[in-house]
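>>> model the following, please.
(one chain, ligands or ions: 1)
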Amino acid sequence: MRIAIIGSGPAGFYAAEALLKRTDTVVHVDMFDRLPTPYGLVRGGVAPDHQNIKAVIRVYEKTAARPTFRFMGNVRLGRDLTVDDLRRHYHQIVYAVGNEADRRLGIPGEGMPRCTPASVFIGWYNGHPDYRHAKFDLSVPRVAVVGNGNVAIDVARILLRTPAELEKTDIAAHALEVLRGSRVREVFVLGRRGPLQASFTPAELKELGEMEDAEPVVAPGELAGCIDSASAGNAPQDKNLKILQSFAARRRSTKAKKLHLRFLVSPTEVIADAAGKVAGLKLERNRLEIQADGTVAARGSGEFEVLDVGMVLPAIGFAAEPIAGVPYDEKARVIANEDGRVVDPVSRAVVANEYVVGWARTGPQGLIGSHKSASAHVVAHMIADGAGLAARELPERNAILSLLRERGVQIVSFTDWKQLDDVEVARGERRDAPRDKIVDVETMLAVLAQR
Ligand SMILES: Cc1cc2nc3c(=O)[nH]c(=O)nc-3n(C[C@H](O)[C@H](O)[C@H](O)COP(=O)(O)OP(=O)(O)OC[C@H]3O[C@@H](n4cnc5c(N)ncnc54)[C@H](O)[C@@H]3O)c2cc1C
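Numbers count the residues shown, from 1 in each chain. Predicted coordinates for the structure are as follows:
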C-alpha cells in the first residue's frame, strides 16, 4: 500500500505510526508538509515556555526513522501538488492539515490596527514563517485577550512573562526583542460565559499563579455571580473553579503585572482613537441561560462597559482552511467527513480512499495526546476499506519526487530537516535556549543549499 499523508502535525504523525505498524501488508507512507519543518502546532502553536510538551516529537522522530516513511517538506497541497496528483500516485490519502483559519468576533472595528487574531501573535512568537513580518506595538499598557481556552491563557502568559523567563525558551528572536521592550502591564482575559463553561485545563490555569512578575486577578463578586448549578460536578471545570477561587482569595502581591480573568462579558465593538488604532473594547455583560438541551448559553443583559485597552487579541477558535479539490464543510468549517471518511459536502456520499484526521476533521478540539487514538480510529477505517486496493498499479515510488522537481519544488527531506534542527539548536546555545528558530523558508533552503 502506498499512502500520502498531508500535514505533519500530531494527527498526521499518529496516523503514520498506526499505518506503519500494520503487519498484514507493507505500507509506504509519504508525508507532505507545506513548511520545510515538521510537527505542525507542536512547533508553531505550543507555547515556548512549555518545552516539556514539545518532547512528544521524540515519538514522531521514531516514526520518521522507519524505512518505509518519507517526509517531503516545503510541498503544499493546492500549490505544488493537486488532489488528482495524489490520487494517481497513492492508494489512499489522509488529510491532516489542521486548522489554519481563524474564527472572527464579527463586531464593528475588528481588524483595525492593534486588533489582531491571536493566531498571528502566536505564529509570530513561535517563529512560524507566515507571520515573521507581523508587527506588534507593545507600547500599550493594557491588552484584552478574548476567549476562554488554553490559547487565550498562552497568549496572556507570553505577554506577561519577564524577558528572563522567555529567553531560555525557543521563542523567536524577533519576538523576544520586542517583548523585552514591552510596556504591557495588564492583560484581561475575557469569557462570554462563566468559569464552569471555560475550556481552560486546570494545569494551565494554575500556572498563571506561578509567573515571576505577574499575578492573576479575579474579582470575588464577579466569580460568585457566574456560577450556575447546571454545570457543577464536571471534573475539570470544578478544578478550574477551585483554582479561580484561590486566585480571588489571594492577597495582592508586589508583582508588577496583572492578569485579570473576567467572565460573562461579550465584546460588542472595538473602539478606535483618532489615529484609527484600538483605544478600548466595548463589552456587554451577560447572564447565563440554561438551554432546552442542558447547555449553558450567554445572553446579553443590555448593560455595557468600556474596557480601557490599547490592543485586542481575539482567541476564539480556529477553522480548517479550504484546499482546492478537497471537499469542505462550510458550516462546520472542517474537511467534509463522516467519522474521518471524506464525503461530498452536499450528497454526503463517501469519496473513496480519502480520509481526514486531527483538527481538520473535528475543528479545534483536543490536546496533542488525544490524536493518537483518534487517528488510529480513522486508520482502522482505512484498513477495513482498503482490501484489494494494493493491487492497483501506481507509477513507480520516486515518480512523485520527479514530478515535484519538474515543477521547481525544493523538497525538504527528513534528513534535511535534521540538518536545520542541528543549526537551530546550535544557534540556541548562544542564549542558553533549546533552539533559536530560523523563521523564513528562504533562509532554511539557503542553509540546506550550503551543506
Ligand atoms: C496556540 C496553541 C497552543 C497549543 N498548546 C497545546 C499544548 O500545550 N498541549 C497540547 O496537548 N495541545 C496544545 N495545542 C493543541 C495541539 O496543538 C493540537 O491538538 C494539534 O496540533 C492538532 O494537530 P493536527 O495534526 O490536526 O494539526 P497541526 O498541528 O496544525 O498540523 C497541521 C499541519 O498541516 C500542514 N499543512 C496545512 N495545510 C497544508 C497544505 N495545504 N499542504 C501541506 N501541508 C499543510 C501544516 O503546515 C501543519 O504542519 C495547542 C494549540 C494551539 C493552537
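
>>> pull the helix or strand with minimum mean pLDDT from this protein.
helix 220-225 (a mean of 76; mean pLDDT, DSSP states H and E).

>>> which strands or helices does it pack on?
Packing partners of helix 220-225 (3 or more Cβ pairs under 8 Å, 6 or more residues apart in numbering; DSSP states H and E): helix 235-249. In short, each C-beta sits where N, CA and C put it, glycine included.

>>> need the CA coordinates for the helix it packs on. PDB is fine.
Extracted C-alpha coordinates of helix 235-249, given in PDB (Å, rounded to 0.1, in the frame of the first residue of the first chain):
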ATOM      1  CA  ALA A 235     -14.500  17.500  37.000                       C
ATOM      2  CA  PRO A 236     -12.000  19.800  35.100                       C
ATOM      3  CA  GLN A 237     -14.400  22.700  35.400                       C
ATOM      4  CA  ASP A 238     -14.800  22.200  39.200                       C
ATOM      5  CA  LYS A 239     -11.000  22.100  39.500                       C
ATOM      6  CA  ASN A 240     -10.800  25.300  37.500                       C
ATOM      7  CA  LEU A 241     -13.400  26.900  39.800                       C
ATOM      8  CA  LYS A 242     -11.300  26.000  42.900                       C
ATOM      9  CA  ILE A 243      -8.200  27.500  41.300                       C
ATOM     10  CA  LEU A 244     -10.100  30.700  40.400                       C
ATOM     11  CA  GLN A 245     -11.500  30.900  43.900                       C
ATOM     12  CA  SER A 246      -8.000  30.600  45.300                       C
ATOM     13  CA  PHE A 247      -6.900  33.400  43.000                       C
ATOM     14  CA  ALA A 248      -9.800  35.500  44.200                       C
ATOM     15  CA  ALA A 249      -8.900  34.900  47.800                       C
END
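
>>> what about whichever helix or strand comes after that helix, average pLDDT?
Under the assignment DSSP states H and E, the closest C-terminal helix or strand after helix 235-249 is strand 257-262. Strand 257-262 comes out with an average pLDDT of 97.

>>> same thing with stretch 91-99?
In the prediction, stretch 91-99 has an average pLDDT of 98.

>>> what's the answer for stretch 2-9, then?
Mean predicted lDDT for stretch 2-9 stands at 98.

>>> now swap in stretch 368-378 and tell me
98.

>>> now residue 419: how far from residue 451?
6 Å (Cβ to Cβ, to the nearest Å).

>>> now the closest residue to the ligand within the stretch 201-350 of the chain: closest residue in space that isn't a chain neighbour?
Residue of the stretch 201-350 of the chain nearest the ligand, by Cβ to the nearest ligand atom: residue 323 (5.1 Å). Spatial nearest neighbour of residue 323, chain neighbours left out: residue 78 (4.5 Å); criterion: Cβ to Cβ, 6 or more residues apart in numbering.

>>> got the contact list for the residue lying closest to residue 358 once chain neighbours are set aside?
Among residues not flanking residue 358 along the chain, residue 11 sits closest, at 2.4 Å (Cβ to Cβ, 6+ apart). Residues near residue 11 by Cβ atoms under 8 Å, 6 or more residues apart in numbering: 40, 96, 98, 357, 358, 359, 360, 361, 371, 374, 375.

>>> and these, which is closest to residue 256?
residue 40 (35.3 Å; Cβ to Cβ).

>>> please tell me how far that closest one sits from the ligand.
Look at residue 40 and the ligand: by Cβ to the nearest ligand atom, to the nearest Å, they are 2 Å apart.

>>> hmm, that residue is touching residue 8, no?
Yes: between residue 40 and residue 8 a contact is recorded at 6.1 Å, counting by Cβ atoms under 8 Å.

>>> domains for this protein, by residue range?
Using automatic domain parsing, the domain ranges for the chain come out as 2-100+319-412, 104-316.

>>> how close does whatever residue of the stretch 351-451 of the chain ends up closest to the ligand get to residue 368?
When scored by Cβ to the nearest ligand atom, the stretch 351-451 of the chain has residue 358 as its residue closest to the ligand, at 2.2 Å. Note on residue 358: its distance to residue 368, by Cβ to Cβ, is 10 Å.

>>> cool, residue 390 as well?
In terms of Cβ to Cβ, residue 390 sits 31 Å off from residue 368.

>>> so between the two, which is more surrounded?
Using other Cβ atoms under 10 Å, the more surrounded residue of residue 390 and residue 368 is residue 368, with 21 against 15.

>>> so for residue 234, what's the pLDDT?
67.

>>> please verify my assumption that the residue of the stretch 201-350 of the chain closest to the ligand contacts residue 97.
Yes: judged on Cβ under 8 Å, residue 323 makes contact with residue 97 at a distance of 6.6 Å.

>>> make sure I have this right: residue 355 is in a strand.
Yes: assessed with DSSP: H, G, I helix; E, B strand; the rest coil, residue 355 lies in a strand.

>>> contact partners for it?
Applying Cβ under 8 Å, 6+ apart, the residues near residue 355 are 92, 93, 94, 95, 337, 340, 341, 342, 378, 381, 382.

>>> which residues does it bridge with?
residue 94, residue 341 (DSSP bridges).

>>> how far away is it from residue 2?
14 Å.

>>> go on, residue 422?
Taking Cβ to Cβ as the measure, residue 422 and residue 2 are separated by 30 Å.
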